[in-house]
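Peer 1: Attaching a predicted model along with its sequence, questions to come.
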Amino acid sequence: MTWTRAFGKGSGWLLQKIVNGLALTRISPNMLTFIGLVINIIAACFFGFARPNNANRMFLYAGLIIIGAGVFDMVDGRVARKTSRWPLPSRSIPKRYGVTKLARSSPPSRII
C-alpha cells in the first residue's frame with residue numbers, strides 16, 4: 001500500500017467520523033454551507049488586510065482558515081445524504097461567492 005492510499009484511508013475514516021457526529025446533531029446541510037461561507041469571508045478579510053510588513057503571517061492565517069472551510073465543504077453533502085435532508089438547489093451559490101470573494105480580495109500580484 002502506498003503512503004497516499006494509507007493517508008486517504010485514514011483521512012476518509014476521520015471524515016466519516018465527523019459526518020456521523022454532525023448527522024447525530026441533526027444540523028442542516030444548508031447551515032454547514034453557510035458556516036463555510038462565513039469562514040471564507042473571514043479568510044478574505046485576512047487576505048485583504050495583509051500589508052507588506054505582515055503579508056506572510058496574514059497569508060498563512062488565511063490559508064489555514066481556507067483549509068478549515070474546506071472541511072465544511074466536504075461534509076455538507078455527506079451529512080445531507082446521511083440524514084436524507086437534501087440541501088436547496090442554491091447550495092452552490094454561497095460556495096461560488098466564497099471563492100470569488102477570496103479571489104477579489106487581493107491584488108493579482110499577491111495571489112501568486
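Peer 2: That came through, no problem.
Peer 1: so where's the longest helix in this protein?
Peer 2: Among the segments of the chain that qualify as a helix by DSSP state H, the longest is helix 55-83.
Peer 1: chain center to it: distance?
Peer 2: Helix 55-83 has its C-alpha centroid displaced from the chain centroid by 2 Å (CA atoms, centre = their mean, to the nearest Å).
Peer 1: mind listing what's buried in it?
Peer 2: For helix 55-83, burial by neighbour count (16 or more other CB atoms under 10 Å) applies to 58, 61-62, 65-66, 69, 72-80, 82-83. All C-beta spots, glycine's among them, are computed from the backbone N, C-alpha and C.
Peer 1: in the chain, what spans have low per-residue confidence?
Peer 2: Low-confidence segments of the chain, defined by pLDDT under 70: 85-112.
Peer 1: Which stretches in it count as helices?
Peer 2: Under DSSP H, the chain gives helices at 3-25, 29-48, 55-83, 92-105, 108-111.
Peer 1: Just want the angle from the longest one to helix 29-48.
Peer 2: Same thing as helix 55-83. When axes from the mean of the first three to the mean of the last three CA atoms, to 10 degrees is applied, the directions of helix 55-83 and helix 29-48 differ by 170 degrees.
Peer 1: what does the first one give?
Peer 2: Taking the same axes, to 10 degrees, one finds helix 3-25 and helix 29-48 inclined to each other by 120 degrees.
Peer 1: Report all helices and strands that helix 3-25 contacts.
Peer 2: Using 3 or more CB pairs under 8 Å, 6 or more residues apart in numbering; DSSP states H and E as the contact definition, the elements that helix 3-25 packs against are helix 55-83.
Peer 1: go again using 10 Å as the cut-off
Peer 2: Other helices and strands packing on helix 3-25, by 3 or more CB pairs under 10 Å, 6 or more residues apart in numbering; DSSP states H and E, are helix 29-48, helix 55-83.
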